[in-house]
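Q: no sequence on this one, just coordinates:
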């Protein structure tokens, strides 16, 4: 009788748990530091735009850099920490706002998107650093832009439709004003993230596939 040796496969949940178990004091410090960086980028002078007043900030720049530098799990944890602390009441959202009430405002969709966007760009950046030799900057810029268009902006539009009672065309129109700035911020994020990872390559994840 012939026996077949099968290699057990880890589920996504087990992979996340493994990543968390492998974090050390340095990883936890990086999560806290980058959460603080995002908070700082939010409280810098914000520019309210459009009829619902969702402000333009440097948050998306900081989020993309966080994902590129830390990889998916730690970046997601950093943004999860930022959102959790803000919802708990600390005024670290744009315009010095904080508390659970932010979830009922027009910016709610964007804030919910932050951890998801950080994880997504973290995954894409890891693939880029592993598989692309040249043109990393261009690939990172495209990854940031795709993440914005598929995660941040759609959830932001939904948030404005739900909380600001805008119809879809009005919500899309309110969101479109952020696109030119996002292009510039994505270019900056790709340049900053690439420079940091080149200088400190171990920050992006010391063990492949774990962080």
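A: Looks like it came in fine. Keep in mind that this is a model prediction, so the values were computed, not measured.

Q: past the longest helix seen in the chain, which element shows up next along the chain?
A: Longest helix in the chain by number of residues (criterion: DSSP state H): helix 108-131. The helix or strand immediately downstream of helix 108-131 is helix 136-147, counting by DSSP states H and E.

Q: other SSEs contacting that following helix?
A: Contacts defined by 3 or more CB pairs under 8 Å, 6 or more residues apart in numbering; DSSP states H and E place helix 136-147 against helix 59-70, helix 108-131, helix 179-199. Heads up, the C-betas are built off the backbone N, CA and C, glycines and all.

Q: about what we covered before: list the buried residues of the longest helix of the chain.
A: 108-126, 128-129 (16 or more other CB atoms under 10 Å).

Q: any idea which residue sits dead centre in this structure?
A: The residue lying closest to the centre of the chain (CA atoms, centre = their mean) is residue 118, at 2.2 Å.

Q: what sits against that one?
A: Neighbour list for residue 118: 63, 66-67, 72, 75-76, 78-79 [criterion: CB atoms under 8 Å, 6 or more residues apart in numbering].

Q: export those to TSV and tack on pLDDT, neighbour count and distance to residue 90?
A: Output for the contacts of residue 118, formatted as TSV (pLDDT from 0 to 100; neighbours: other CB atoms under 10 Å; distance: CB to CB, whole Å):
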residue	pLDDT	neighbour count	distance to residue 90
63	97	30	18
66	97	31	18
67	97	32	23
72	95	21	25
75	97	30	20
76	97	25	20
78	97	29	15
79	98	29	15
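
Q: from the residues you listed, which two are the most distant?
A: Maximum pairwise distance in the contacts of residue 118, criterion CB to CB, is 12.6 Å, between 63 and 72.
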